[in-house]
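Trainee: Take this sequence and fold it.
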Amino acid sequence: MTEQERTSGTMSRVRRVAAIDCGTNSIRLLVADVEDGTVRDVVRHAEVVRLGQGVDRTGRLAPAALARTLDVTGQYAAVCREHKVSAVRFVATSATRDASNRDEFAAGVRAALGVDPEVASGAQEAELSFRGATSVLSHHTHLHPPYCVVDLGGGSTEVVVGTTGPEAAWSMDVGSVRITERHLHTDPPTGEAVAAATATIDAAIDEALAHVPVVGVRTLVGLAGSVTTVTAHVLGLGAYDRNRIDGAVLPVDDVLAACDDLLHRTRAERAALGFMHPGRVDVIGAGALVWSRVVHHVAAASAITHVVTSEHDILDGIALSLA
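Mentor: The predicted structure follows:
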């Protein structure tokens, strides 16, 4: 029995696990000790690999994107060995769901990591994101259910509503990479391009909210890189600060203003922001537009006046599932 798996006098069991979330834009690793529904970080790391580059147009994972992603997967495998994890779960999301050559990707992951990647459905992705986000919300006495949890990725965006667990969920095929590749081709984007992108996003949100009722929602929680980047902009951070971003409660109007500002900046202006990840510079305009439209629609349908940002997301949900 390892140090991480010792059983105490109260029969509480600590398990060291590794969760990997491979999305359209980034691949992320969480090595954590999990005990009694609590996730304690050992390593949390992200790399922007743009696995979904061109998938919306071609329906295939590009060779260069596959190579980048599998290279980082190999690096993560070394970290898992170093920290002697007892279990690994690799979850792939939107880009892999849409790719006709996903078997090639699966074989590469298996060779590098020794486990089969799971290609999660939109519903599974939503459930894991909700579980991860809400695992810490109970610690904030000012945040009340029902919750609407929104995981804004590169290829898809999941919307989940629930109190103690997911009660309704929907996955939309809109995200920072997909909307950039479909609509936002100039620097900065033209008014016509923004209008076309907005129409695409609003149509997807209308369909989502037909399946996920948000009228009674009391807390809107945003997850993932586009949301945390917008939050850093609202807070005026000179550098990315996970501790300040996690749990930030922001007025709706401030979020919408920050989204609009990021959307209309040039690439050079966005790159100059101290909190901006280099791999997000070219897609944050689209990510900000998606987030602004989600916030607008949920606020209009419910009584929320503020938005919560969480750094706890699908990675935490995956880790909890392993325990």
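
Trainee: what is the rounded mean pLDDT of stretch 145-155?
Mentor: Stretch 145-155 carries an average pLDDT of 93.

Trainee: what does stretch 36-56 give?
Mentor: Here stretch 36-56 scores 90 as its mean pLDDT.

Trainee: so how far is it from its chain's centroid?
Mentor: Stretch 36-56 sits 8 Å away from the centroid of its parent chain (CA atoms, centre = their mean, to the nearest Å).

Trainee: what distance separates the start and the end of that stretch?
Mentor: End-to-end distance of stretch 36-56 (CA to CA, to the nearest Å): 40 Å.

Trainee: got the contact list for the closest residue in space to Val174 that isn't next to it in sequence?
Mentor: For Val174, ignoring the flanking residues on the chain, the nearest one in space by CB to CB, 6 or more residues apart in numbering is Ala204 at 4.8 Å. In short, each C-beta sits where N, CA and C put it, glycine included. Contact analysis of Ala204 by CB atoms under 8 Å, 6 or more residues apart in numbering lists Thr157, Met172, Asp173, Val174.

Trainee: so how far is Asp21 from Ala204?
Mentor: To Asp21, Ala204 is 22 Å away according to CB to CB, to the nearest Å.

Trainee: How many residues are close by Val43?
Mentor: Residues lying near Val43 (other CB atoms under 10 Å) number 15.

Trainee: which phi and psi does it have?
Mentor: Per-residue torsions, Val43: phi -140, psi 130 (degrees, to the nearest 10).

Trainee: If we ignore the residues flanking it in sequence, what's nearest it?
Mentor: Per CB to CB, 6+ apart, closest to Val43 is Val31, 4.1 Å.

Trainee: for that neighbour, helix, strand, or coil?
Mentor: With DSSP: H, G, I helix; E, B strand; the rest coil as the basis, the three-state label of Val31 is strand.

Trainee: What about it, how many residues nearby?
Mentor: For Val31, the number of neighbouring residues by other CB under 10 Å comes to 23.

Trainee: Report the beta-bridge partners for it.
Mentor: Under DSSP bridges, the beta-bridge partners of Val31 are Ala18, Val43.

Trainee: and it, what is it in contact with?
Mentor: Going by CB under 8 Å, 6+ apart, the list of residues near Val31 reads Arg16, Val17, Ala18, Asp41, Val42, Val43, Arg44, Val79, Cys80, His83, Val85.

Trainee: again, only this time at 7 Å
Mentor: By CB atoms under 7 Å, 6 or more residues apart in numbering, the contact list for Val31 reads Arg16, Ala18, Val42, Val43, Val79, Cys80, His83, Val85.

Trainee: Just the buried residues from those residues, in PyMOL please.
Mentor: Buried members of those, defined by 16 or more other CB atoms under 10 Å, are picked up in PyMOL with:
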select buried, resi 16+18+42+80+83+85
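
Trainee: picking up where we left off before, okay, the residue nearest to Val43: pLDDT?
Mentor: Looking at Val31, its pLDDT stands at 97.

Trainee: Leu66 contacts Ala106, correct?
Mentor: No: look at Leu66 against Ala106 with CB atoms under 7 Å: they stay out of range, at 10.9 Å.
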